[in-house]
Structure formats: C-alpha cells, structure tokens
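Participant: just need the structure, nothing else, for what follows:
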Amino acid sequence: MKTKVLTVSLLMLCSLGASAQLLTGDSFAKYDLDKYDGKNDHKHQYVQAADGLKSRFELDKNDQLTYSKVIDCPNMDKDKIYDCVNAWFTKAFADKTASVQTNSKETGALIVNVNVKNVVTFPHQVVSVNMIVKVNIKDSKVRLTSTIKEYVINSGTSWTSKKCYPFYDEQDELRKKIGSSAYAASCVFTEIVENQLTEAVKPKVEDNSSDDDW
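Facilitator: Prediction:
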C-alpha cells in the first residue's frame, strides 16, 4: 500500500530566491523600461523614462537623490529580521564593487557603498553609478534607504543628480541622454534592491512531503 504524507507549515524563514545578484551593466541593458518611458517598444528611451520616474525618485533637501521605503514584517522580532536581511545582504553585496561600511546586529543597521559599473555605454562614454544602500531594522519593520552619491563618466568625471537631466534642463542632447540613463539605472537598481529585500523577509511556506512505500 502506498501512502503519501504531506505536512505544510508556515515558517518565518529567509527567502533569498534563486539569485541575489543586483544590477549590472548587462542586466540594465536587458531591463525593459516601457513601464517608465510610456512606449510599448521594448527600447531604452532614457529621456522619457527619466521624465516618468521623476515623480517617484526626487531630490531631497540636500539635493541628493534619496529613496526610502518601510517594509512591514509582521510577527518577526528584530533579531529574526536581521538574520534574514544579513543572509541576503551578504550574498547580494559580496561582489568586489561593493564595500560594506556597517553590519551591526545590535543596532540593526547595515550600510554598503555600491559601485554599479558600466550601466550604459555611449560613443566614447561609459557610465557607472556610486550609491549608498542602508537598511535599518526594528521589531516588525525594515527601512530601506538608497542614496545616489554620483554618476561617474569614463571612470573619472563625476556628475551629481542635481546637474543632470531630469533635474537640470540640459541642452546638449548627449549629456541629456547620459544623465537620463544614469538616473534611470539608479532607480531600477533601487527597485531591484527593494524587491529582493522584501522577498528576503517574507514568510516562506515549507512543503515537507514524503512518498514512502510501507
């Protein structure tokens, strides 16, 4: 006689997903910006995407591009949330382009400087983005804060968000596209981080099943 026993339990476990890799130049090149640029053509319309994103990701009082989101973690205490976030954080930012500044279980703070290399390439211009990702933890909540420090052109010249489109009325078309692409890439990076962090602290259903012959 064959009997199947199925046990399903809800466990507060860290859900890392198949991959915790974040944004790279290659992944951004494949990212569909249609939901931001308003055109259903599967092309990178950087200026239109920047216009579409401006209402979501704005300059703060310090003229920095900062995005903050609070993620609810019902029935999870600070230590449990930290364990989940730290597991994701360690994997997501293990690359040499990321530098962890703070990782404290006691204070519930994790901070990393991230260099997103080669997000987009124009003729004779390669754009990278320097960002700070900060996670603060307390019982039942996580706060994510992402701040763009600067855009880096050709591994040397630094541009600030304030001096780039869509926050600066740039007349030079190439500079306008470069600034727009850097801005769009930064917003996409932040969206990916938020989605992965939310997934990391989400309750996971574990399926313990057996199919034994008796």
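
Participant: hey, where'd the strands end up in the protein?
Facilitator: 2-11, 65-72, 98-104, 109-122, 125-138, 141-153, 157-159, 204-213 (DSSP state E).

Participant: distance to residue 36, mean pLDDT and mean neighbour count added to these, as CSV?
Facilitator: Placement of C-beta: from N, CA and C, glycine included. Converted to CSV, the strands of the chain look like this (distance: least, CB to CB, whole Å; pLDDT from 0 to 100; neighbours: other CB atoms under 10 Å):
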stretch, distance to residue 36, mean pLDDT, mean neighbour count
strand 2-11, 35, 29, 9
strand 65-72, 14, 92, 16
strand 98-104, 25, 92, 13
strand 109-122, 15, 88, 19
strand 125-138, 17, 92, 20
strand 141-153, 16, 92, 20
strand 157-159, 20, 87, 13
strand 204-213, 30, 56, 9
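
Participant: residue contacts, the residue nearest the centre of the chain?
Facilitator: Nearest residue to the geometric centre of the chain (CA atoms, centre = their mean): residue 193, 2.2 Å. By CB atoms under 8 Å, 6 or more residues apart in numbering, the contact set of residue 193 is 22, 92, 133, 144, 146.

Participant: check contacts around the residue nearest to residue 69 when sequence neighbours are not counted.
Facilitator: Leaving aside its sequence neighbours, residue 69 sits nearest to residue 144 (CB to CB, 6 or more residues apart in numbering; 5.0 Å). Shown in contact with residue 144 (CB under 8 Å, 6+ apart): 67-71, 133-135, 193-194, 197.

Participant: pull the most distant pair out of those residues.
Facilitator: By the measure CB to CB, 70 and 133 form the most distant pair in the contacts of residue 144, at 15.1 Å.

Participant: okay, now residue 173: neighbour count?
Facilitator: 9 (other CB atoms under 10 Å).

Participant: pLDDT score assigned to it?
Facilitator: pLDDT recorded at residue 173 is 90.

Participant: any idea how far residue 179 is from it?
Facilitator: Computed as CB to CB, to the nearest Å, the residue 173 to residue 179 distance reads 11 Å.

Participant: returning to what we had before: in TSV: the strands of the chain, plus distance to residue 80.
Facilitator: Below are these laid out as TSV (distance: least, CB to CB, whole Å):
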stretch	distance to residue 80
strand 2-11	11
strand 65-72	14
strand 98-104	16
strand 109-122	15
strand 125-138	10
strand 141-153	11
strand 157-159	40
strand 204-213	13
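
Participant: closest one to residue 46 among those?
Facilitator: strand 109-122 (7.7 Å).

Participant: packing partners of the closest one?
Facilitator: Packing partners of strand 109-122 (3 or more CB pairs under 8 Å, 6 or more residues apart in numbering; DSSP states H and E): helix 25-29, helix 78-92, strand 98-104, strand 125-138, helix 173-200.
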